[in-house]
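S.K.: A predicted structure for the sequence below; I have some questions about it.
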Amino acid sequence: MTSLALAIPHQGTPTATAVHRLQTKLYERGIYPSITYEDGQPQLHVFALTVWIDPKATTFFWSSCSGERAARGPANDPVMAARRIADRLRPPIIAGPPVLPTQ
């Protein structure tokens, strides 16, 4: 099995370090994103969701399509970002009709 540290090239850069921390937190939640690079910046992909970070490594962004306004979270809190991304991937809960008490 490949080490997580080996999965992200450009180790030691602020963006790679932040993305690695987020990837680790997503793994802990059972979410296993793939990684790609666009213009030298790492991106995580899970299902139809793309996760990226600004070049200064201060903010994570995630979106499912280019026309959608991206959600965001601070890069210094990968636990919160992973939770919000996991919530985004969770299917919606559809409530049925109310159950009335019987007499």
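M.R.: Perfect, thanks for sending it. Numbers count the residues shown, from 1 in each chain.

S.K.: hey, what's residue 37 bridged with?
M.R.: Here residue 37 shows beta-bridge partners residue 42, assigned using DSSP bridges.

S.K.: which phi and psi does the residue positioned nearest the centre of the chain have?
M.R.: Averaging the C-alpha coordinates of the chain gives a centre point, and the residue nearest to it by C-alpha atoms, centre = their mean is residue 85 (4.7 Å). Dihedral angles phi and psi of residue 85 (degrees, to the nearest 10) take the values phi -70, psi -40.

S.K.: do the one 3 residues further on as well
M.R.: When quoted as degrees, to the nearest 10, the phi and psi of residue 88 stand at phi -70, psi -30.

S.K.: number of nearby residues for it?
M.R.: Number of residues near residue 88 (other C-beta atoms under 10 Å) recorded here: 15. To be clear about C-beta, it is placed using only N, CA and C from the backbone, and glycine gets the same treatment.

S.K.: now do the strands in the protein.
M.R.: With DSSP state E as the criterion, the chain has strands at 34-38, 41-46, 49-53, 59-63, 71-74.

S.K.: which among these is found nearest to residue 24?
M.R.: Taking C-beta to C-beta, strand 41-46 is the member of the strands of the chain nearest to residue 24, at 11.2 Å.

S.K.: if we go by neighbour counts, what in the closest one is buried?
M.R.: Residues of strand 41-46 classed as buried under the neighbour-count rule (16 or more other C-beta atoms under 10 Å) are 41, 42, 43, 44, 46.

S.K.: nearest to residue 14, of the strands of the chain?
M.R.: It is, among those and with distance given as C-beta to C-beta, strand 49-53, at 8.7 Å.
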